[in-house]
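Novice: I need the structure of the sequence given here:
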Amino acid sequence: MKVVVLTGAGISAESGVPTFRDADGLWHGHRVEEVATPEAFARQPSLVHRFYDERRAALAAVAPNPAHAALARLEDRLGDDLLVVTQNIDDLHERGGSRRVVHLHGQLRSALCRGCGERFPWHDALGDGPACPRCGRRELRPDVVWFGEIPYDMDRVLAALGRADLFVSIGTSGAVQPAAGFVGYAAGQGARTLELNLVPSHGSHLFDEARHGPASELVPAWVDDLLR
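Specialist: Numbers count the residues shown, from 1 in each chain. All right, here's what the predicted structure looks like:
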């Protein structure tokens, strides 16, 4: 069985990672246009760096939860037949034991050089303008896909969806493209589809089956069922 799992903010929220978008539509008190667009970075790089530096530093205080561990356990059994595709920019999947992970929106603990285009693991602040380890230019930015930019590894994701027997969406709102369209694409290629979410998502009606509740409970139970 080939499985593609999409994860969103809901799986990380149960580890204590705040969701980026608040109920009022703001990102931790900021409008999206202030911290999550290339134009925002060009206009106020210090504000954007401070926003992501704070998010990066906060990762040290959180840990993977049973949902992350269950997906790693599933990967141990399925190997290359499982791909985890996440909209999250934290590293909880990797710390939970998963190795085959695509970060559609980049990663907090990574930096992108605007000078040479290289990406590097990065755990420290970027706001003080450190030099690029490769080219030496002080052009590092958060390796995060902002609004108006193209998500990473879409070719790999679409190829996996096209081969999948099962597509599972965990902890997502179903409102953010292109990920919101994955269920329709996978179903169109013949995959069975399952939603595991705290509450019905915007696209819940598109799935063959939907189970609602905390990811830390639903995901381990689903993995147990699948492995049996």
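
Novice: The residue lying closest to T172 once chain neighbours are set aside and F41: what is the separation?
Specialist: Distances taken as C-beta to C-beta, 6 or more residues apart in numbering put G8 closest to T172, at 3.2 Å, once the chain neighbours are dropped. Just so you know, the C-beta spots here come from the backbone N, C-alpha and C atoms, and that holds for glycine as well. Separation of G8 from F41 (C-beta to C-beta, to the nearest Å): 24 Å.

Novice: These two: which has the busier surroundings?
Specialist: Ranked by neighbour count (other C-beta atoms under 10 Å), G8 and F41 place G8 first, with 25 against 20.

Novice: I figured that one was touching V168, is that so?
Specialist: No: between G8 and V168 there is no contact under C-beta atoms under 8 Å: 11.8 Å.

Novice: Whichever strand or helix holds A159 packs against which elements?
Specialist: Assigned by DSSP states H and E, A159 falls within helix 154-163. Judged by 3 or more C-beta pairs under 8 Å, 6 or more residues apart in numbering; DSSP states H and E, helix 154-163 is in contact with strand 3-7, strand 82-86, helix 182-188.

Novice: Any idea which of these gets closest to A164?
Specialist: With C-beta to C-beta as the criterion, A164 lies closest to strand 3-7 of the helices and strands packed on helix 154-163, at 4.5 Å.

Novice: L92: neighbouring residues, count only.
Specialist: Residues lying near L92 (other C-beta under 10 Å) number 23.

Novice: Select the longest strand from this protein.
Specialist: In the chain, assigned by DSSP state E, the strand with the most residues is strand 106-113.

Novice: if you average pLDDT over that one, what comes out?
Specialist: Averaging pLDDT along strand 106-113 yields 98.

Novice: Identify all contacting residues around that strand.
Specialist: Outside of strand 106-113, the residues within contact range by C-beta atoms under 8 Å, 6 or more residues apart in numbering are 52, 55-56, 59, 89-91, 118-123, 126, 132, 134-135, 137, 139-145, 152.

Novice: Could you confirm V102 falls within a helix?
Specialist: No: read with DSSP: H, G, I helix; E, B strand; the rest coil, V102 is strand and lies in no helix.

Novice: Can you dump the C-alpha atoms of the helix holding A159 in PDB for me?
Specialist: C-alpha atoms of helix 154-163 as PDB (Å, rounded to 0.1, in the frame of the first residue of the first chain):
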ATOM      1  CA  MET A 154       5.400  20.000  -5.800                       C
ATOM      2  CA  ASP A 155       6.600  17.600  -8.600                       C
ATOM      3  CA  ARG A 156       7.500  15.000  -6.000                       C
ATOM      4  CA  VAL A 157       4.200  15.500  -4.100                       C
ATOM      5  CA  LEU A 158       2.000  15.200  -7.200                       C
ATOM      6  CA  ALA A 159       3.900  12.100  -8.400                       C
ATOM      7  CA  ALA A 160       3.300  10.500  -5.000                       C
ATOM      8  CA  LEU A 161      -0.400  11.500  -5.000                       C
ATOM      9  CA  GLY A 162      -0.700  10.000  -8.400                       C
ATOM     10  CA  ARG A 163       0.600   6.600  -7.200                       C
END
